[in-house]
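# 3D model of this:
(chains A, B and C)
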Amino acid sequence: MSDVEAVAGVGPATARKLATLDITSASDLANIPLSDLQTLDGIGATRAMDLVTAAQNTLESEDAAAERAVTDGGVVADDTTDADVGPTPETPSNDVVATIVTHGDPIRSLTELASVVVDELRLHVTEDGLEFTAVDPANVGMVDASAPAEGFSKFDVEREVTVGLNLHLFEKAVSWARKGRSDDGDPVRIQILDDPARVRVQVTRPDQSVARRTEWFSIDPDSIRPEPDIPDLDLPCTATPNVTALRHATGAFERDHAHLSRSGTTMLLGTNADGDTTPDGEADDELGESVMFPNAAHDMGDEGVSSVFSLDYLGDFAQALKSSKADRVTIRWGDQFPVKLAFEHEDWGFAGEFMLAPRIQKEGGA
Amino acid sequence: MSDVEAVAGVGPATARKLATLDITSASDLANIPLSDLQTLDGIGATRAMDLVTAAQNTLESEDAAAERAVTDGGVVADDTTDADVGPTPETPSNDVVATIVTHGDPIRSLTELASVVVDELRLHVTEDGLEFTAVDPANVGMVDASAPAEGFSKFDVEREVTVGLNLHLFEKAVSWARKGRSDDGDPVRIQILDDPARVRVQVTRPDQSVARRTEWFSIDPDSIRPEPDIPDLDLPCTATPNVTALRHATGAFERDHAHLSRSGTTMLLGTNADGDTTPDGEADDELGESVMFPNAAHDMGDEGVSSVFSLDYLGDFAQALKSSKADRVTIRWGDQFPVKLAFEHEDWGFAGEFMLAPRIQKEGGA
Amino acid sequence: MSDVEAVAGVGPATARKLATLDITSASDLANIPLSDLQTLDGIGATRAMDLVTAAQNTLESEDAAAERAVTDGGVVADDTTDADVGPTPETPSNDVVATIVTHGDPIRSLTELASVVVDELRLHVTEDGLEFTAVDPANVGMVDASAPAEGFSKFDVEREVTVGLNLHLFEKAVSWARKGRSDDGDPVRIQILDDPARVRVQVTRPDQSVARRTEWFSIDPDSIRPEPDIPDLDLPCTATPNVTALRHATGAFERDHAHLSRSGTTMLLGTNADGDTTPDGEADDELGESVMFPNAAHDMGDEGVSSVFSLDYLGDFAQALKSSKADRVTIRWGDQFPVKLAFEHEDWGFAGEFMLAPRIQKEGGA
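Below you'll find the predicted structure:
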C-alpha cells in the first residue's frame, strides 16, 4: 500500500497537512470525505476533489499491477508497478494497457479532427503519443495527425497498442468535459484496457463534485479500413488564411463547390478561378461570388493555377480546425490537384494535415 | 375614495411630493401620466410605474369590496370603498377571492414544480399560502409542495378556495415575466375571481412601460383527478447531490433507466448497482456507464440497497429543481422502493417533495 | 494614376509615412502586403485593411470612369483615370452607375424594413439617397421608406436609376457583415452596375483579413409590381409605445388578431376594444387578454375608436422595427381604419411608415 506521497500532486507539505487528519496512505486519502479535507488550510473544493481522484487513480494502478502479478502466479516485487508480467487469459479483468490523463479542450479538439473524416479509426498508442491516419468512405477526404505524449498531463503506456476506436462513443464520452474558460476544461482520464479489449473514459467536474465513467468494447482493428497512403505532392501555391474566415467563407456560397486560386498575395475562393464575379448565366438569381483573403498567399507559383473543391468537405475541415482552435493552417494547392491543409496546435503539440481531392473539371471550366 | 397614502408604498414623504402635482387620492395617482410623475425628485421610470400600478390595484380592491358589499345587500362602512360606483347584483363580474402579488422568478419556479408532473391541478389557496399534491397520469411520479404566504409580496385571501388550475395557461401567463438579473424578476399579480370562477394574471414590465393581463375560467375542481396519498416510507439511504450535476447525470446515459445506489459516501447512478462499468453484453456499441457523486451520500444503511428508475422522470424532476433554483435536494431510496426527492427554496420558503416509483426488476438484475 | 492622397482617408501625414515604404500612388497602396503596412507607426491591422481597401476602391472608380470615357468614345481628360487599363467597347462589363459605402448595421436595418413586406422591389437611387414603396402580395401591408445620402459613408450616383432588387439575394449578401459592438458593423460597399444591369456587394471583415464579394443580375423593374399609393388618412388616435414592448405584445396572444384602442393615456391591444379581459365564451381554455401601454397614448380623439388587426402582420412590422433599431415608432389609428406605424432612425436618417389594413368587423364585435 502506497504512502500518501505516492499520490500525484502530494508533496511533503501537503503530506504533513494530511497527517493532521491521520491520512498517511493513498488509501486513507481515497476514502476521506471531501468536507473533511476542506477543513485543512488552503484546500478548497476543487483541490480536495483533485486529491481524492489522484489517490483513487494511484490505488487503481496498484490494483492493476497487483492483478497482473497475481494472475500470473508471480510475486508482487515492489509496491508501485510490475510491468514485465502479463495477464493470463482467465480473469484479467482490469488489465490497464495505457492511461492518459488530460483535459476536455485538447482531447475534444483531437477527436474533432478525426470525426470530421470517419466514424471509427485505428488509433496507434505508443510511448511517443497518439497517431492516426484515415480516409473517408468516399475516398475524397483524408486526415493524418499525431499528438505527442508531452501534450498530455500523464501518458503511461504499458505496451504499444492499436485500438479500434468508435469515435461516436468516444466523442460522447469526452463531451461531458465542459469547456475551460481560463484553463483547458474538465479533467479527463482515458484508459485502454485489455481482455476483453475496451476503452474507459472518466470525466470529472470538480465544481459539481461529480464524475462520469463510460466503458465500452473497442473494435477489432483488423475490421477497420486500413490507413491510406497520403501522397507526397508538389503543390506550387501556398496560403495561410485566418481559420475563422476560411470557415465562414466556405459557408457563404450558394453553390456547393468553388475554385481555389490566388491573385498576387490574395488567396481567392470563388465562382471563377480569376476572382471575377460577373454571373455566368442568364438567370436572375444566379450569383457570382468571391471571397478574398488579402495578404494570405505567398506570391510565387503560377497565378493561373487553380482547382475546384467541394465546399462541404472544405467547410467541414475548416470547422474542425476552428472548433479545435488550431493556431495555424497552411493551405497548399496546384492545378487540378488535391489541396492539403496542414495544421498545428501550439499548446498541445498536435500536428497533421487534411487532404481533399479536387472535383474533376471539364475542359475550360468547372 | 381613498387618500393617496392608502396606496401601497406611499408614505407621508411621498404623499407630500405627490401633493405638489395635486395628487391627493389613489384615483388621482392611478390616472397621472408617468412622465409627469417623473418630474418629481427621486422618482424614475420604474418607481413611477410601480406607484401607478399600486394605485390602480388599490382602486380595484375597493371596487371589489364595494361589489361584495352591494351584492351582499350590505352597507359599505368605511372610507376605503366607494359603494355607489359598484355594479348591480346581476353582473358581479369582479368578485376578487384572493390577490397574490409576487415576482416572476418565484411564481415560475413554483409552476415548474407542478407542471413537470401534471397539466392541471387542484390548487389550495388559504391564509397560510398555496398548496398542491398531484400524481402523473401514469401513476409513476408525484409532487407535493407548499408555498407559504410570507414568501409573496402580498397575499390577501378573502376566503379559502380550491382552484382548478389549467397549468398550461397559467405557465404561459406568468412566463411573460422576465427573469430577474439582480432581483426576482418582473412584478406579477394573480387574482382568483368568483362567479364565474376564473383566474386573472397581470405581469408588468416597468422598464418597457407595459403590462399584460390574461384571464380565463378555472376548471371545476371536482373534475380534476383527486390528490394521491403520498406514502410514508422507511428509506434507508440518503444523499444530497449537486442539483445541476444530478440533472446532467440523468441526461448522460444511452439507456432510459439506471440503478441508484451508494458506495461509502459516494452516491452512484449507473448501469449496474455496484458502479462497475464493464459492459454486460457482447455488442461493440454497448456501454457501461456510471456517474459518481463523491461525498454526497450518508454512510449508513446497507450498501447493497439499490433501485432502478426511469431516467426520463428523474431527469424531468432534476430539471424542474434546477430551473426553479432549488437550494437543496435530499434524495432518499431503498431496495426496490420508490425514491423521494425533497426540495427547499430558502428565499421563498417553498418546500415539498417528488416521489418516483421504481421500475420492476427481475430476479438478479434490471 | 492617382497620387496616394487621392485615396479616402489618406492625408498628408499618412502620405509621408507611406512614402517611407515607397508608396506614392493609389496603385502602390492597393498592392502592398498588409504586414508591411503594419510596420508603420500607428497603423494596426484594421487601419491597414481600411487603407488597402480604400486604395482598391479608388482604382476601381478610376477604372469605371475610364471605361465610360472609352466606351463613350470620349477622351480621358485628367489624371484621376488610367485610360490604358480600360476594357474595350465590346465588353463594358464594369460600368458603375452608383457606389454606396456604408456599414452592416444601417444597410441590414434598411433591408429588414423592406423584406418584411416583399421579396423584390423597385429601389430608387438618386443623388438624395434611396427610396422605396411596396405592398405585400395580399394587399394588406405596405411600406414606404427613404434613406438620405447623408446617412451613408459614401453615396456616389453617376445617374439616377431604378433597380429591380431581389431582396433575398441582397439580404444574404449584406448579412455577411457582422453586427457592430461599438460601431456600425463591418464595412459594406454596394455597386449598381450597368449593361447588363446588376448589383455587386462587397463586405469586408477587417479583423479576419477577408472580404466577400457577391454579384447578380438585377430584375427588370417593369416586371415588378408597381408601387402602391399610400392613402393620406385622417386618423384620430396616436400613441408612441416602446418598440420592444410592442413586439412582445403581438406575440403574447393566443388568437391571431386584436383590437387596438386606448383608454385615457393608455394604449390597449386586447381581446376586446375596452380592455376588459373577462373571457367571452364558455370554454375552459378561452382567454381574455389585454396588453396595456400606460402613458403611451395621446389623450385626444374618441376613446371608443378601435380597429382590429392581424397580429401576424403587426408582429412582423414590430419585429422589423425592433431588429432595425428604430428609435421611435408613432402609431396612428381610427375606427375600422388602417393603422400607420411611422418610424425614424436618428443616426442614419431613415424615415418612413408601415400601413396595415384592418380586419373587417361584423356589426357589434370582432
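# show me what secondary structure element comes after the lowest-mean-pLDDT helix or strand in chain A.
In chain A, no helix or strand scores lower on mean pLDDT, DSSP states H and E than helix A:45-71, which sits at a mean of 61. Counting by DSSP states H and E, the element after helix A:45-71 in chain order, helix or strand, is strand A:95-103.
# just checking, what packs against whichever helix or strand comes after that next one?
Note on strand A:95-103: by DSSP H and E, the next helix or strand toward the C-terminus is helix A:104-115. Contact analysis of helix A:104-115 by 3 or more CB pairs under 8 Å, 6 or more residues apart in numbering or on different chains; DSSP states H and E lists strand A:129-135, strand A:141-148, helix A:167-174, strand A:187-194, helix A:311-323 as its packing neighbours. Quick note: C-beta positions are derived from backbone N, CA and C, even for glycine.
# then the second one to PDB, C-alphas only?
Put plainly, it is strand A:141-148. Output of strand A:141-148 as PDB, limited to C-alpha atoms (Å, rounded to 0.1, in the frame of the first residue of the first chain):
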ATOM      1  CA  GLY A 141     -11.000  13.500 -47.700                       C
ATOM      2  CA  MET A 142      -8.200  12.200 -45.500                       C
ATOM      3  CA  VAL A 143      -6.700  13.100 -42.200                       C
ATOM      4  CA  ASP A 144      -3.300  12.300 -40.800                       C
ATOM      5  CA  ALA A 145      -2.500  13.600 -37.200                       C
ATOM      6  CA  SER A 146      -0.300  13.000 -34.200                       C
ATOM      7  CA  ALA A 147      -0.500  14.100 -30.600                       C
ATOM      8  CA  PRO A 148       2.800  13.900 -28.700                       C
END
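# in the sheet, which strands lie alongside that strand, parallel or antiparallel?
Paired neighbours of strand A:141-148 in the sheet (DSSP bridges): strand A:129-135 (antiparallel), strand A:351-356 (antiparallel).
# now those strands in TSV, with mean pLDDT?
As requested, the strands paired with strand A:141-148 are arranged in TSV below (pLDDT from 0 to 100):
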stretch	mean pLDDT
strand A:129-135	98
strand A:351-356	97
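# can you put the ones you listed in CSV and add mean neighbour count?
Listed next are these as CSV, based on neighbours: other CB atoms under 10 Å in any protein chain shown:
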stretch, mean neighbour count
strand A:129-135, 22
strand A:351-356, 21
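# out of those strands, which is closest to B:A273?
Using CB to CB as the criterion, the shortest distance between B:A273 and the strands paired with strand A:141-148 is 34.6 Å, found for strand A:129-135.
# need the residues that contact the closest one.
A:100, A:110, A:114, A:117-118, A:121-124, A:141-152, A:155, A:225, A:227-228, A:230 (CB atoms under 8 Å, 6 or more residues apart in numbering or on different chains).
# mark which of those residues are buried, thanks.
A:100, A:110, A:114, A:117-118, A:121-124, A:141-147, A:149, A:151-152, A:155, A:227, A:230 (16 or more other CB atoms under 10 Å in any protein chain shown).
# which parts of the stretch 201-350 of chain A sit against chain C?
For the stretch 201-350 of chain A, the residues in contact with chain C (CB under 8 Å from any CB of the partner chain) are A:241-242, A:244-245, A:248-249, A:252, A:264-265, A:277-279, A:282-296.
# repeat that with 7 Å
Neighbours of chain C within the stretch 201-350 of chain A, by CB under 7 Å from any CB of the partner chain: A:242, A:244-245, A:249, A:252, A:264-265, A:277-279, A:284-296.
# of these, grab the buried ones for PyMOL.
Of those, the buried ones can be selected in PyMOL as follows, counting by 16+ other CB under 10 Å:
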select buried, chain A and resi 242+245+249+252+265+277+278+279+284+286+287+288+289+290+291+292+293+294+295+296
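# so which of the residues of the stretch 201-350 of chain A next to chain C are in helices?
Taking DSSP state H, the ones among these that sit in helices are A:T244, A:A245, A:A249.
# would you list these in CSV and tack on pLDDT?
Formatted as CSV, these follow (pLDDT from 0 to 100):
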residue, pLDDT
A:T244, 94
A:A245, 95
A:A249, 95
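# pop the domain breakdown of chain A in here.
Listed by automatic domain parsing, the domain ranges of chain A are A:1-88, A:94-228, A:237-356.
# still on that earlier bit, which stretch among the helices and strands packed on helix A:104-115 comes nearest A:G270?
helix A:311-323 (11.3 Å).
# list the contacts of the closest one.
Residues outside helix A:311-323 that contact it (CB atoms under 7 Å, 6 or more residues apart in numbering or on different chains): A:112-113, A:116, A:140-141, A:243-244, A:246-247, A:250-251, A:253, A:256-258, A:329, A:341, A:343, A:354, A:356.
# residues in contact with A:T265?
Taking CB under 7 Å, 6+ apart, we find A:T265 in contact with A:P294, A:N295, A:A297, A:D299, C:P33.
# please list the residues of the stretch 101-250 of chain A that sit near chain B.
A:166, A:169, A:176, A:200, A:205, A:208-217, A:219.
# separation between the residue in the stretch 101-250 of chain A positioned nearest to chain C and C:R108?
Nearest residue of the stretch 101-250 of chain A to chain C, counting by CB to the nearest CB: A:A245, 3.8 Å away. Computed as CB to CB, to the nearest Å, the A:A245 to C:R108 distance reads 20 Å.
# skipping adjacent residues, who's closest to A:R189 in space?
Distances taken as CB to CB, 6 or more residues apart in numbering or on different chains put A:Q202 closest to A:R189, at 4.6 Å, once the chain neighbours are dropped.
# returning to that earlier point: just put the strands paired with strand A:141-148 in TSV and tack on distance to C:A8.
Shown next, in TSV, are those (distance: least, CB to CB, whole Å):
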stretch	distance to C:A8
strand A:129-135	50
strand A:351-356	40
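# what's the closest of those to A:A13?
When these are compared by CB to CB, strand A:129-135 sits nearest A:A13, at 32.5 Å.
# the inter-axis angle of that closest one versus helix A:104-115?
On the basis of axes from the mean of the first three to the mean of the last three CA atoms, to 10 degrees, strand A:129-135 is oriented at 30 degrees to helix A:104-115.
# gap between strand A:129-135 and the chain center?
In terms of CA atoms, centre = their mean, to the nearest Å, the centre of strand A:129-135 is set 10 Å apart from its chain centre.
# now stretch A:302-317
For stretch A:302-317, the distance to the chain centre is 25 Å (CA atoms, centre = their mean).
# what does stretch A:38-47 give?
Centre-to-centre, stretch A:38-47 and its host chain are 32 Å apart (CA atoms, centre = their mean).
# just stretch A:342-349 next, same as before
When C-alpha coordinates are averaged (CA atoms, centre = their mean), stretch A:342-349 and its chain have centres 11 Å apart.
# what mean pLDDT does stretch A:223-235 get?
Stretch A:223-235 shows an average pLDDT of 92 in the prediction.
# that older thread, turn the ones in helices among the residues of the stretch 201-350 of chain A next to chain C into JSON lines, including distance to B:A273.
Listed next are those as JSON lines, based on distance: CB to CB, whole Å:
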{"residue": "A:T244", "distance to B:A273": "48"}
{"residue": "A:A245", "distance to B:A273": "53"}
{"residue": "A:A249", "distance to B:A273": "53"}
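# where in the stretch 101-250 of chain A is pLDDT low?
Within the stretch 101-250 of chain A, the ranges that satisfy pLDDT under 70 run A:181-182.
# from A:E171, how far off is the residue of the stretch 251-366 of chain A found nearest chain B?
Nearest residue of the stretch 251-366 of chain A to chain B, counting by CB to the nearest CB: A:S323, 21.1 Å away. Applying CB to CB, the value for A:S323 to A:E171 is 12 Å.
# related to what we said a few turns ago, of the ones in helices among the residues of the stretch 201-350 of chain A next to chain C, which is the nearest to B:D28?
Among those, and counting by CB to CB, the member closest to B:D28 is A:T244, at 59.7 Å.
# mind listing what the closest one touches?
A:T244 is in contact with A:K322, C:Q208, counting by CB under 7 Å, 6+ apart.
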